[in-house]
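Asks: Below is the sequence, then the predicted model.
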Amino acid sequence: QVHLVESGGGLVQAGGSLRLSCAISGPTFTIGWFRQGPSMDREFVAAIDRSGERDFYTESVRDRFILSRDNAKNTVYLQMNWLKPDDTAIYYCAADTRYYEGTFLVRPNEYDFWGQGTQVTVSS
């Protein structure tokens with residue numbers, strides 16, 4: 001069983017920054033971040049592999065968001081810079097529990113365990 005808890009969301013002005021955390025109870029897995037805005041489907045944001053050496057970002061956040069992880073603390077971080085109102089959403093982290101890591105998964109139904117989400121609101 002894997003338990004994930006997100007934190008770090010809040011209200012920020014456009015151009016500002018936030019750092020989200022995903023605390024993980026359980027084995028070390030590839031972790032993906034997703035977001036779901038009002039009346040929108042859940043969409044992929046970024047993912048980081050078990051070692052933290054490989055990551056992948058959706059085009060809209062590349063060069064603004066940065067993933068990192070501290071496996072000693074079982075925590076993955078999503079540093080979000082230059083935030084825009086379009087980034088407003090509930091942000092979720094999720095675990096990819098495949099035994100063999102391969103290409104990063106980008107569909108929500110491909111992830112096995114989810115956190116409860118943290119709200120990020122960017123004002124204009």
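Replies: Nice, thanks for sending it over.
Asks: tell me, what residue is most central in the protein?
Replies: Taking C-alpha atoms, centre = their mean, the centroid of the chain lies closest to Trp33, which sits 2.4 Å from it.
Asks: my guess is it is in a strand, correct?
Replies: Yes. Counting by DSSP: H, G, I helix; E, B strand; the rest coil, Trp33 is part of a strand.
Asks: Flag the shaky bits of this structure, pLDDT-wise.
Replies: By pLDDT under 70, the chain has no low-scoring segment.
Asks: quick one: Phe104 from Gln36, how far?
Replies: Phe104 sits 19 Å away from Gln36, going by C-beta to C-beta, to the nearest Å. Where C-beta positions appear, they are placed from N, C-alpha and C, glycine not excepted.
Asks: Likewise for Gly10?
Replies: Note on Gly10: its distance to Gln36, by C-beta to C-beta, is 17 Å.
Asks: beta partners of Val5?
Replies: Going by DSSP bridges, Val5 is paired in beta bridges with Ala23.
Asks: hang on, isn't Gln13 packed against Ser123?
Replies: Yes. Assessed by C-beta atoms under 8 Å, Gln13 is found in contact with Ser123 at 5.4 Å.
Asks: thinking again about what came up before, give me every residue that touches the residue nearest to the centre of the chain.
Replies: By C-beta atoms under 8 Å, 6 or more residues apart in numbering, the residues touching Trp33 are 20, 22, 44-47, 67, 78, 91-94.
Asks: Please work out how many residues are found near Arg54.
Replies: Neighbours of Arg54 under the rule other C-beta atoms under 10 Å: 13.
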